[in-house]
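Q: Provided below are the primary sequence and the corresponding predicted coordinates.
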Amino acid sequence: MKISDIRKIPTTQLTVDSTKLREEIAELKRRVHMGEVDNTKLIRLKRKDLARMLTALSEQLAKEQI
């Protein structure tokens, strides 16, 4: 997901999406550890998406406080 697309998402939706993404990452880590998933690149991509979401979320919250 691109940062320009993420910035268009409202703050409340970003918080919901970030928690879902954290759960997905935890599930993927568990499945990789158990040997069910071989593609570890998915974890890296989801972590980067989470970082983008958290960056956009902090920017939006900073704008709301001003």
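A: Right, received. Where do you want to start?

Q: which element is Ala56 on?
A: Assigned by DSSP states H and E, Ala56 belongs to helix 41-65.

Q: Now for the most centrally placed residue in the chain: which residues touch it?
A: For the chain, the residue nearest the mean C-alpha position is Leu50 (2.2 Å; CA atoms, centre = their mean). With contact taken as CB atoms under 8 Å, 6 or more residues apart in numbering, Leu50 is in contact with Ser18, Leu21, Arg22, Ile25. The C-beta positions use only the backbone N, C-alpha and C, and glycine is treated the same way.

Q: Pass me the low-pLDDT residue ranges in this protein, would you?
A: Filtered on pLDDT under 70, the chain yields no residues whatsoever.

Q: Switch the contacts of Leu50 over to JSON lines; also include neighbour count, distance to Leu42 and secondary structure.
A: Formatted as JSON lines, the contacts of Leu50 follow (neighbours: other CB atoms under 10 Å; distance: CB to CB, whole Å; DSSP: H, G, I helix; E, B strand; the rest coil):
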{"residue": "Ser18", "neighbour count": "18", "distance to Leu42": "17", "secondary structure": "helix"}
{"residue": "Leu21", "neighbour count": "17", "distance to Leu42": "12", "secondary structure": "helix"}
{"residue": "Arg22", "neighbour count": "15", "distance to Leu42": "14", "secondary structure": "helix"}
{"residue": "Ile25", "neighbour count": "17", "distance to Leu42": "9", "secondary structure": "helix"}
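
Q: and of the residues you listed, the nearest to Lys2?
A: Proximity of these to Lys2 (CB to CB) peaks at Leu21, which lies at 15.2 Å.

Q: got the contact list for that closest one?
A: Counting by CB under 8 Å, 6+ apart, Leu21 has contacts Lys46, Asp49, Leu50, Met53.

Q: top of the residues you listed by neighbour count?
A: Comparing the contacts of Leu21 by number of neighbours (other CB atoms under 10 Å), Met53 comes first, having 21 neighbours.

Q: Was I right to think that residue contacts Thr11?
A: No - Met53 is not in contact with Thr11 according to CB atoms under 8 Å; the separation is 10.9 Å.

Q: so Arg47 sits right up against Glu24, yeah?
A: No - using CB under 8 Å as the test, Arg47 is too far from Glu24 to be in contact (10.3 Å).
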